[in-house]
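A.B. asks: predicted model and sequence follow; I will ask about them next.
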Amino acid sequence: MNIRERFDASMQENDRLVLKMMSRVKTLYEAIFDVLKENDIKAAEAIIDGDIEINALEELINEHAYIVILKQCPVASDLRKLVTAIKVANELERIADYAANIAVYIKKTVQNNESYRKLMYIYRDPLVKMLETLLEAYHETDVKKAFDVCDIDNKIDVIYEEQIKKFISITREKTQIVAEEASRALLVIKQLERAGDHLTNIAEHIIFLKTGKHVTLN
């Protein structure tokens, strides 16, 4: 294998690792919403273990990209792809952390939180759709699909703003125990909203990868 072939193989491995990490995060989110729906504590523990795998993938992507940069000195679009991989991996790691935090919430909640879990479940379809679209957008370097992700995030923001008012009302009007549980649930809702923001950041990185231009979608 000559130098160019080794370089091409390294770039293909870069893509494979990012797409693998993105796919794992998508699976993690599908699972966390199942946990919310069923209040499944055992499955919540598996989510926490899954986050450890995501962390390891981020480290692997960073190490791989830095080695390629140091050893092969890529330029232009190749360098942009490696830098983008590092940034996307960081965003995905944060998104996975949110899923793990929600799993901890499920494990530690002792009050009946079914009504709150139903509100959280509303975020399932848009967040999973964002992840599906990002997988396609990254694989195809598709700017239009990256912008589609932003449109979905706008819908999440609308849901979040509506729910914030409802949760604040509960914390003000109900008993201390109910108010405390609402406050804890509100933190989960915030993490779901933040997950959408980080997914939009990934869309921005994909647009940069394709065009070389920085855009702000959030």
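C.D. replies: Good, I have the coordinates.
A.B. asks: all helices for this protein, in order.
C.D. replies: Assigned by DSSP state H, the helices in the chain fall at 3-38, 41-72, 76-108, 114-121, 124-140, 143-173, 176-211.
A.B. asks: same list (those) but as a markdown table, adding mean pLDDT and distance to residue 218.
C.D. replies: In short, each C-beta sits where N, CA and C put it, glycine included. Below are those laid out as a markdown table (pLDDT from 0 to 100; distance: least, Cβ to Cβ, whole Å):
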| stretch | mean pLDDT | distance to residue 218 |
| --- | --- | --- |
| helix 3-38 | 93 | 19 |
| helix 41-72 | 94 | 21 |
| helix 76-108 | 95 | 12 |
| helix 114-121 | 91 | 21 |
| helix 124-140 | 97 | 13 |
| helix 143-173 | 89 | 8 |
| helix 176-211 | 91 | 5 |
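A.B. asks: okay, the ones you listed in TSV with mean neighbour count and distance to residue 217 next?
C.D. replies: Output for those, formatted as TSV (neighbours: other Cβ atoms under 10 Å; distance: least, Cβ to Cβ, whole Å):
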stretch	mean neighbour count	distance to residue 217
helix 3-38	17	18
helix 41-72	16	22
helix 76-108	20	13
helix 114-121	16	24
helix 124-140	19	12
helix 143-173	16	4
helix 176-211	20	5
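A.B. asks: now do the contacts for the residue nearest to residue 186 when sequence neighbours are not counted.
C.D. replies: Distances taken as Cβ to Cβ, 6 or more residues apart in numbering place residue 167 nearest to residue 186, at 4.5 Å, with adjacent residues excluded. Residues near residue 167 by Cβ atoms under 8 Å, 6 or more residues apart in numbering: 182, 183, 185, 186, 189.
A.B. asks: want to throw those residues into a markdown table with distance to residue 95?
C.D. replies: A markdown table is the format used below for these (distance: Cβ to Cβ, whole Å):
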| residue | distance to residue 95 |
| --- | --- |
| 182 | 24 |
| 183 | 23 |
| 185 | 20 |
| 186 | 19 |
| 189 | 15 |
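A.B. asks: what's near enough to touch the residue most central in space within the chain?
C.D. replies: Closest residue to the average C-alpha location of the chain: residue 95 at 3.3 Å, with Cα atoms, centre = their mean. Counting by Cβ under 8 Å, 6+ apart, residue 95 touches 25, 29, 195, 198, 199.
A.B. asks: turn those into a markdown table, including distance to residue 48.
C.D. replies: Listed next are the contacts of residue 95 as a markdown table, based on distance: Cβ to Cβ, whole Å:
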| residue | distance to residue 48 |
| --- | --- |
| 25 | 14 |
| 29 | 14 |
| 195 | 16 |
| 198 | 19 |
| 199 | 21 |
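A.B. asks: which of the residues you listed sit farthest apart?
C.D. replies: Longest distance between any two of those is 11.8 Å, between 29 and 198; criterion Cβ to Cβ.
A.B. asks: circling back: kindly provide the distance from the residue nearest to the centre of the chain to residue 136.
C.D. replies: 17 Å (Cβ to Cβ, to the nearest Å).
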